[in-house]
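Asker: Whatever this is, show me its structure:
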Amino acid sequence: MRSEPVRIGVCGLGSIGREATRLLLDHRTGFEIVGAATKEPDAVGRPLHEVVSASTATGPVVVSDLREVLAAGPEIMIYATGSFLRDTTDDLIACAAAGVDVVSPCEELAFPFGRFADAAAGIDAAARAGGATLLGTGVNPGFTFDSLLIAATGSAWDVRGVRGRRTVDVAGFGQNIHLRLGIGYTDAEFREGHEAGTIAGHVGFPESIELVCERLGLKLDAPVTEEFEPYIAETPAPTKYGNVPAGRTEGFLQRATGMVGGRPFIQLELVLHLRPADAGFETTDSFSVEGVHPVNLVMSPGMDAIPATSAQLVNSMPGVLHAAPGLKTVKDLPVAGAWHDLRIDPFR
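Answerer: This next block holds a predicted model:
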């Protein structure tokens, strides 16, 4: 056990960054948060514990620049600013070059070696040169449809196919997240937005599918394909910022398919909905591993996206801190488990 606390930095204080920080401050020991940065104007200049509504009154004053956090000398960073590598690669390389480990919910970082090979190579090279370890993780990708699914295949005789569905009640999300996902649009706007790339849906299905296939030693025939089916509200759908009017999207089904050997080997679905129970959906996470000895798993209720992702980030810290330098995935590191004191090496 080391004597000094682990020095932690935080960049990004949106919903996930705030919850991960609050989890640390109120439920964990053996660390010191030495800096925190955000672009949220209401948070800059305020004490971190106040911004994240932690009951533990400790931590720095929030700043607006990642460079100030890096200057404070963190050993590991919670980097929670976005889903896309086009927006995060420069900052990730800056952390890696400074020798700072990173845990991030950036979905495209979870397995970037296929679609984003150039960015992955740059991040990995910076990490190895700087002696840092970087990991993209969360509830999905990071847990439900990759590390948990991979663990379930350990009880399978063979794997002839994988099917999965996750249904999430998104009524508690903010309007900006709803619009990014695809909620609040007419049918035509929804379809045009997906074609133009302005409506993202869930980011991370290709990463989960590619990660699972690599872990199973399989090669995809072609890039992962995705389909979207909007659900149009027949009556106004309530949210915390008002109603989504009738005639606009109150949710959608997103389906991702990975082809192996000319057939749909992995097919994963996500239902995001403002009132799933009213629409006949159960908020569960489930998947099946098809084969001689099938493996079926249902979690009811399913994982709540924000607290589960926050927990995955925090609980991945020991594995990242004790891993060899480089850009890693959840298949490369020990399974994340809850911990009490970050000074203790659970893998000794």
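Asker: who's in contact with residue 201?
Answerer: Shown in contact with residue 201 (Cβ atoms under 8 Å, 6 or more residues apart in numbering): 181-182, 194, 226, 228, 252, 254, 270. For the C-beta atoms, the positions are set from N, CA and C on the backbone; glycine is no exception.
Asker: In CSV, list the residues you listed along with secondary structure, pLDDT and neighbour count.
Answerer: Shown next, in CSV, are the contacts of residue 201 (DSSP: H, G, I helix; E, B strand; the rest coil; pLDDT from 0 to 100; neighbours: other Cβ atoms under 10 Å):
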residue, secondary structure, pLDDT, neighbour count
181, helix, 91, 22
182, coil, 94, 24
194, helix, 88, 20
226, strand, 95, 16
228, strand, 95, 16
252, strand, 96, 23
254, strand, 96, 20
270, strand, 96, 23
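Asker: Would you convert those residues into TSV that also reports distance to residue 337?
Answerer: Shown next, in TSV, are the contacts of residue 201 (distance: Cβ to Cβ, whole Å):
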residue	distance to residue 337
181	30
182	34
194	37
226	32
228	35
252	34
254	30
270	26
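Asker: List just the nearest of the residues you listed to residue 122.
Answerer: Of all those, residue 226 has the smallest distance to residue 122: 25.9 Å, by Cβ to Cβ.
Asker: Check the secondary structure at the residue lying closest to the closest one once chain neighbours are set aside for me.
Answerer: Closest residue to residue 226 apart from its sequence neighbours, by Cβ to Cβ, 6 or more residues apart in numbering: residue 256 at 4.9 Å. Classification of residue 256 using DSSP: H, G, I helix; E, B strand; the rest coil returns strand.
Asker: what about residue 256, how many neighbours?
Answerer: Around residue 256 there are 22 other residues, counting by other Cβ atoms under 10 Å.
Asker: beta partners for it?
Answerer: residue 226, residue 268 (DSSP bridges).
Asker: my read is residue 278 is in a strand, agree?
Answerer: No - the assignment for residue 278, made by three-state DSSP, is coil rather than a strand.
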